[in-house]
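> Provide a 3D model corresponding to the input given below.
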Amino acid sequence: MAEIERALSRITYLGTRARQHDRLMAVADVPLDRAAVALLRQIADSEPQRPGELAQRLGVEASHVTRTAQQLEKAGYVTRVPDPDDRRAQRIRLTDAGRQAIDRVRQAGARGMQAALADWSPEELRQLATLFHRMVDDFLAHAAEEEGEPRASA
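Just a heads-up that it's a prediction; the model follows:
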């Protein structure tokens with residue numbers, strides 16, 4: 001377990017370095033900070049959501065999501081749409097510009113990973129992806145249990 005924790009710490013460090021983020025944004029030609037990219041990724045991976053739902057998924061305060069969403073809206077990357085379940089509430093949705101921006105970020109990131117993992121076999125890459133998804137699902141289920149929610153199967 002100690003070696004897994006150590007490896008995760010190293011991966012987290014590499015992925016959150018400001019210099020790495022700046023390089024990725026330059027390659028993708030997307031002028032966004034890390035918080036904005038994290039929010040765009042979350043919105044892109046789901047249906048439009050309320051700011052509170054996005055905050056919960058990202059593990060941040062709702063005010064943080066609101067501020068970042070306002071910046072993204074001004075830049076044309078997201079828009080607010082009525083919540084179909086409650087017309088008084090709003091959800092945040094990607095615009096075409098937002099979808100294009102996050103696609104460029106993902107493509108630039110994938111090219112970097114592809115270069116770094118060029119010596120890995122296709123089977124090793126499939127195994128890694130499978131295990132990463134399993135790990136994240138288990139981490140999320142454990143976190144939900146700690147918060148008193150029943151364990152959900154992924």
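> Please enumerate residues in contact with the lengthiest strand in the chain?
Ordering each strand of the chain by length in residues (DSSP state E) puts strand 86-94 first. Residues lying outside strand 86-94 but in contact with it, judged by CB atoms under 8 Å, 6 or more residues apart in numbering, are 40, 43-44, 47-51, 54, 69, 77-83, 102. Glycine gets a C-beta too; all of them are placed from N, C-alpha and C.
> Same question for stretch 30-43.
Applying CB under 8 Å, 6+ apart, the set of residues contacting stretch 30-43 is 16, 18, 21, 25, 49, 54, 57-58, 64-65, 68-69, 71-72, 75, 77-78, 92-94, 98, 101-102, 104-106.
> buried ones in that stretch?
Taking 16 or more other CB atoms under 10 Å as the neighbour-count basis, stretch 30-43 is seen to contain the buried residues 30, 32, 34-40, 42-43.
> which other residues reach the strand or helix carrying residue 102?
Here residue 102, judged by DSSP states H and E, is contained in helix 96-116. Contacts made with helix 96-116 from outside it, assessed by CB under 8 Å, 6+ apart, are listed as 24-25, 27-30, 32, 37, 40-41, 43-44, 72, 75-78, 94.
> rerun that using 6 Å as the cut-off
24, 27-28, 30, 40, 44, 76-78 (CB atoms under 6 Å, 6 or more residues apart in numbering).
> Show me which of those residues are buried.
When neighbours are counted using 16+ other CB under 10 Å, the contacts of helix 96-116 contain these buried positions: 24, 28, 30, 40, 77-78.
> In strands, which of the residues you listed appear?
Counting by DSSP E, these place residue 78 in strands.
> got the buried ones among the contacts of helix 96-116 as JSON lines, with pLDDT columns?
Formatted as JSON lines, the buried ones among the contacts of helix 96-116 follow (pLDDT from 0 to 100):
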{"residue": "24", "pLDDT": "90"}
{"residue": "28", "pLDDT": "93"}
{"residue": "30", "pLDDT": "94"}
{"residue": "40", "pLDDT": "96"}
{"residue": "77", "pLDDT": "97"}
{"residue": "78", "pLDDT": "97"}
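> Buried ones in the top helix by length along the chain, by neighbour count?
Once the chain is assigned using DSSP state H, the helix that runs over the most residues is helix 122-146. Applying a neighbour-count criterion of 16+ other CB under 10 Å, the buried positions in helix 122-146 are residue 141.
> Alright, calling it a day.
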